[in-house]
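[1] Return atomic coordinates for the entry below.
(2 chains)
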There are 2 protein chains.
Amino acid sequence: MKSEPDVRQTRRPGRRPGPTETRAAILAAARELFAEKGYDGTSLRAIARAAGCDPALVHHFFGNKEGVFTTAMQFPVTPADVLPRLLEAPPDQLGETLVRIFLEIWRDEERRAPVIAMVRSAMTNEQAATLMREFITTALLRRVAAARGTSLLRAEAAVGQMVGVAILRYVIKTEPVASASEEELVELLAPVIQHYLG
Amino acid sequence: MKSEPDVRQTRRPGRRPGPTETRAAILAAARELFAEKGYDGTSLRAIARAAGCDPALVHHFFGNKEGVFTTAMQFPVTPADVLPRLLEAPPDQLGETLVRIFLEIWRDEERRAPVIAMVRSAMTNEQAATLMREFITTALLRRVAAARGTSLLRAEAAVGQMVGVAILRYVIKTEPVASASEEELVELLAPVIQHYLG
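    Numbering: from 1, shown residues only, chains lettered A, B, ... in the order given. You can find the predicted model right below:
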């Protein structure tokens, strides 16, 4: 989770909107642009323009495009939080590290809900599928594959494994995977993720 | 795919409904009962009663409960078609056999669509999730696990792998997995499915 800069300010009539309004305007503009143009087709500059503010402010509030996206989508995690852990893991613990990162995100229903909501939207709406595809590919798959010298296809097989188990565990709720402990899941899945990415 | 018995008959006014009507009535009753009572809570006898016909007729049209279910849900495949292939595969070709069965089902958009529709419903509707959970567990997971002497959890990891890759390939459409050939996918996934079930 990113800590937000403390930028409280009093709203003065007739002046430009305060930071809370600007932040909300940026997120509203971002949601609209991402939905309309996709992830790759939306720039920080375009979001700033649509929100009527300076691009430096978007950067100030959210860091980068990923930050705007994950906040706008209420995503529980940004690649910036996760990738360093993944890329710095000892080569023989890559599988276990990735499984533990997924399990941490899934652990709390509040963090899990927006991810499941995003998969749900992607399953019923072509636009949402495009958005999710571009975000996953640009922000996650390409970087993991490039940094670990593995193929995109193998990175996708690893992500597919984790997404499929998440759907069985949290959505369809088949047993025993729904009630399995995190340690059981690490033991079950880490060797396979290691096989794909190692 | 099951071949349907040829039971054409002329509808005679004042007589009991002909086979086409009876078949449709059975399917309508089945859909309602499965949705209301779940898969495990619905019997052939209850379906027959709700459709106002003899249980022998349900058996005649659909074989068994699985047959009624897969037809009512427009499922492209029944476990009865698939399980023998899976259970008779040489132990060292189990992974490849399962991957090939999934790929065959996914190959045609017409066969794939109802499966994706079922996952979609399960993701948005608790009742549909229960139905899918019970069907998958009773008709598929338990039998595969028992027959191959593997744990249910490992069977679920294998199914999770295939479901997750299907979602990436056909719904989110990330590349290269969306355009990968079936042979590439067999090479990619068979060793992992073999690891889980072998």
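
[2] nearest residue to A:Gln127 other than its sequence neighbours?
    Sequence neighbours aside, A:Ala35 is the residue nearest to A:Gln127 in space, at 5.9 Å (criterion: Cβ to Cβ, 6 or more residues apart in numbering or on different chains). (Each C-beta comes from the backbone N, C-alpha and C, glycine too.)

[3] does that neighbour belong to a helix or a strand, and which?
    Counting by DSSP states H and E, the secondary-structure element that holds A:Ala35 is helix A:19-37.

[4] Output the contacting helices and strands for that helix.
    Applying 3 or more Cβ pairs under 8 Å, 6 or more residues apart in numbering or on different chains; DSSP states H and E, one finds that helix A:19-37 contacts helix A:44-51, helix A:55-62, helix A:65-72, helix A:126-135.

[5] which residues does the residue nearest to A:Gln127 contact?
    A:127-128, A:131 (Cβ atoms under 8 Å, 6 or more residues apart in numbering or on different chains).

[6] My read is that A:Gly147 contacts A:Leu87, right?
    Small correction: residue A:147 is Ala, not Gly. Yes - at 4.9 Å, A:Ala147 counts as touching A:Leu87 under the criterion of Cβ atoms under 8 Å.

[7] Return the distance of stretch A:63-80 from the chain's centre.
    The chain centroid and the centroid of stretch A:63-80 are separated by 6 Å, computed with Cα atoms, centre = their mean, to the nearest Å.

[8] is it true that A:Thr124 touches B:Ala117?
    No - using Cβ under 8 Å, A:Thr124 and B:Ala117 do not qualify as a contacting pair, with a distance of 10.0 Å.

[9] Of those two, which one has the most company?
    For A:Thr124 versus B:Ala117, neighbours defined as other Cβ atoms under 10 Å in any protein chain shown are more numerous around B:Ala117 (15 against 12).

[10] Can you tell me the SS state at the more buried one?
    helix (DSSP: H, G, I helix; E, B strand; the rest coil).

[11] Distance-wise, check it relative to chain A.
    Remark: distance between B:Ala117 and chain A (Cβ to the nearest Cβ, to the nearest Å) = 9 Å.

[12] can you redo the helices and strands packed on helix A:19-37 as JSON lines with distance to B:Phe102?
    As requested, the helices and strands packed on helix A:19-37 are exported to JSON lines (distance: least, Cβ to Cβ, whole Å):
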{"stretch": "helix A:44-51", "distance to B:Phe102": "40"}
{"stretch": "helix A:55-62", "distance to B:Phe102": "40"}
{"stretch": "helix A:65-72", "distance to B:Phe102": "32"}
{"stretch": "helix A:126-135", "distance to B:Phe102": "21"}
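
[13] Rebuild the ones you listed as a markdown table, extending it with mean neighbour count and mean pLDDT.
    Below are the helices and strands packed on helix A:19-37 laid out as a markdown table (neighbours: other Cβ atoms under 10 Å in any protein chain shown; pLDDT from 0 to 100):
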| stretch | mean neighbour count | mean pLDDT |
| --- | --- | --- |
| helix A:44-51 | 19 | 95 |
| helix A:55-62 | 18 | 94 |
| helix A:65-72 | 21 | 89 |
| helix A:126-135 | 20 | 87 |
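
[14] Of the ones you listed, give the one that comes closest to B:Val58.
    Ranking the helices and strands packed on helix A:19-37 by their distance to B:Val58 (criterion: Cβ to Cβ) puts helix A:126-135 first, at 38.8 Å.

[15] Which elements pack onto the closest one?
    In terms of contact count using 3+ Cβ pairs under 8 Å, 6+ apart, helix A:126-135 is assigned the packing partners helix A:19-37, helix A:109-124.
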